[in-house]
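Peer 1: My questions are about this predicted structure, shown below with the sequence.
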Amino acid sequence: MRKIILLSFSISFLFSIDGKIVFYDGTTIDGQINSVNMSSIYITPIGLNFPEEILIDNVDSLKLDNGKLLVAGNQVLLLYSNGQFTTPGEKNPSNQQEVSYPVEYVLVPNWSLNLYTGYPIIKGASFDYYDDINPVFGLSIGSPYGLFMGNFFVNAIAEIAYYNFNVINNPDYERFGGMAWQIGVSPGFFIGEYSISLTACTGIYHAGTGFIAGGSIDLPLGSIILNKYGDVEFVENMEEVIEALEIRVTGRANTVKKNDGGTTYWLGGGISLGYEF
């Protein structure tokens, strides 16, 4: 998820060209590019009648339909105004004809798919019997449904997880493990191209209900790959897919029911690979 900051502004829209803005998390906007300066891009998105201002700070790249690259890696390569391209620092003799439009604040939430793996680091006393501790695996889906205000967001999520604790030398001992089916919310906020988010989920485990609370730091894996290997042919061909990738460093606390009716817990750390669409 990524916000688009839209302010009241004055722009020239007599000359426009088609292009696509790509944000750090892979979110895109297609439309008519009205102008580009060192701080903002003015675009009229497809389906809308009024232009919007997009701050360069939020943009990874801007590419025109003819292949010309105006912004790459958050750096402005070419300015555009009144149908003319200029390089940053070059004087543009043209004067803009300006028309003012009030524009509202808009948020762009999206779906995300995340594969998680982690390992229990701290365990409750109930796990002293188990000497075969296995990694925890999970698949979560983040939805575009929730509350989105500025840099802050809260969205609904769903998750399937698998956990398994065994006793190696006593196969008759009942293992502690199975599938977990959970729903919850994930609040968080953006700091530039990075984000910090929390997770709170509850659901059904093998012996009853359980609860997860955790936090993660989201890193824009796609942007990192494109900035470092953007000139590699395979990366260029897969640009849109790669841009939507992210990696998360995650910590989680799990509280679950036991077969005897009590509860136990474990704290784990791990990583997840995400794809936003």
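Peer 2: Looks like it came in fine.

Peer 1: Could you find the closest non-adjacent residue to Asn169?
Peer 2: In space, and not counting its chain neighbours, Asn169 is closest to Asp131: 7.6 Å by C-beta to C-beta, 6 or more residues apart in numbering. Every C-beta, even on glycine, is put in place using the N, C-alpha and C of the backbone.

Peer 1: wait, the one you found sits on Tyr173?
Peer 2: No. Using C-beta atoms under 8 Å, Asp131 makes no contact with Tyr173, being 10.2 Å away.

Peer 1: shared neighbours, those two?
Peer 2: Jointly contacting Asp131 and Tyr173 under the rule C-beta atoms under 8 Å, 6 or more residues apart in numbering are Asn166, Val167.

Peer 1: those helices in the stretch 101-250 of the chain, which residues are they?
Peer 2: Listed from the start of the chain, the stretch 101-250 of the chain has helices (DSSP state H, counting those that start in this stretch) covering 221-229, 233-237, 239-243.

Peer 1: okay, those in CSV with mean neighbour count, mean pLDDT and distance to Ile54 next?
Peer 2: Putting the helices of the stretch 101-250 of the chain into CSV (neighbours: other C-beta atoms under 10 Å; pLDDT from 0 to 100; distance: least, C-beta to C-beta, whole Å) gives the following:
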stretch, mean neighbour count, mean pLDDT, distance to Ile54
helix 221-229, 18, 88, 16
helix 233-237, 11, 87, 24
helix 239-243, 18, 87, 16
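
Peer 1: Save these as TSV, and put in distance to Val256 too.
Peer 2: Converted to TSV, these look like this (distance: least, C-beta to C-beta, whole Å):
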stretch	distance to Val256
helix 221-229	31
helix 233-237	42
helix 239-243	36
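
Peer 1: Tell me which residues touch the closest residue to Lys123 other than its chain neighbours, please.
Peer 2: Leaving aside its sequence neighbours, Lys123 sits nearest to Trp266 (C-beta to C-beta, 6+ apart; 4.5 Å). Trp266 sits next to Pro120, Ile121, Ile122, Lys123, Gly124, Phe127, Ala253, Asn254 when contact means C-beta under 8 Å, 6+ apart.

Peer 1: host element of Trp266?
Peer 2: If you go by DSSP states H and E, Trp266 is part of strand 263-276.

Peer 1: and that strand, average pLDDT?
Peer 2: The pLDDT scores in strand 263-276 average 91.

Peer 1: what do you get for stretch 109-118?
Peer 2: In this model, stretch 109-118 has a mean pLDDT of 89.

Peer 1: roughly how far out does that stretch sit from the chain middle?
Peer 2: Here stretch 109-118 is found 9 Å from its chain centre; the criterion is C-alpha atoms, centre = their mean, to the nearest Å.

Peer 1: okay, that stretch in CSV with CA atoms only?
Peer 2: Extracted C-alpha coordinates of stretch 109-118, given in CSV (Å, rounded to 0.1, in the frame of the first residue of the first chain):
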residue,chain,number,x,y,z
PRO,A,109,-4.6,0.5,-1.2
ASN,A,110,-3.9,-2.8,-2.9
TRP,A,111,-3.8,-6.6,-2.4
SER,A,112,-0.7,-8.4,-1.3
LEU,A,113,0.4,-12.0,-1.1
ASN,A,114,3.1,-13.0,1.4
LEU,A,115,5.0,-16.2,2.0
TYR,A,116,6.4,-16.5,5.6
THR,A,117,8.9,-18.7,7.3
GLY,A,118,10.2,-18.3,10.9
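
Peer 1: Do you know the pLDDT at Asn170?
Peer 2: We have a pLDDT of 72 for Asn170.

Peer 1: Just give me the neighbour total for it.
Peer 2: Asn170: 11 surrounding residues under other C-beta atoms under 10 Å.

Peer 1: same check, this time on the one 5 residues further on
Peer 2: Residues contacting Arg175 under the criterion other C-beta under 10 Å number 14.

Peer 1: my guess is it meets Asn134, correct?
Peer 2: No. Assessed by C-beta under 8 Å, Arg175 is found out of contact with Asn134, at 9.9 Å.

Peer 1: which residues do the two both contact?
Peer 2: Common contacts of Arg175 and Asn134 (C-beta under 8 Å, 6+ apart): Asn164, Phe165, Asn166.

Peer 1: could you check the distance from the closest residue to the last one other than its chain neighbours over to Gly138?
Peer 2: Of all residues not flanking Asn166 in the chain, Asp132 sits nearest, at 3.8 Å (C-beta to C-beta, 6+ apart). When C-beta to C-beta, to the nearest Å is applied, the distance between Asp132 and Gly138 equals 20 Å.
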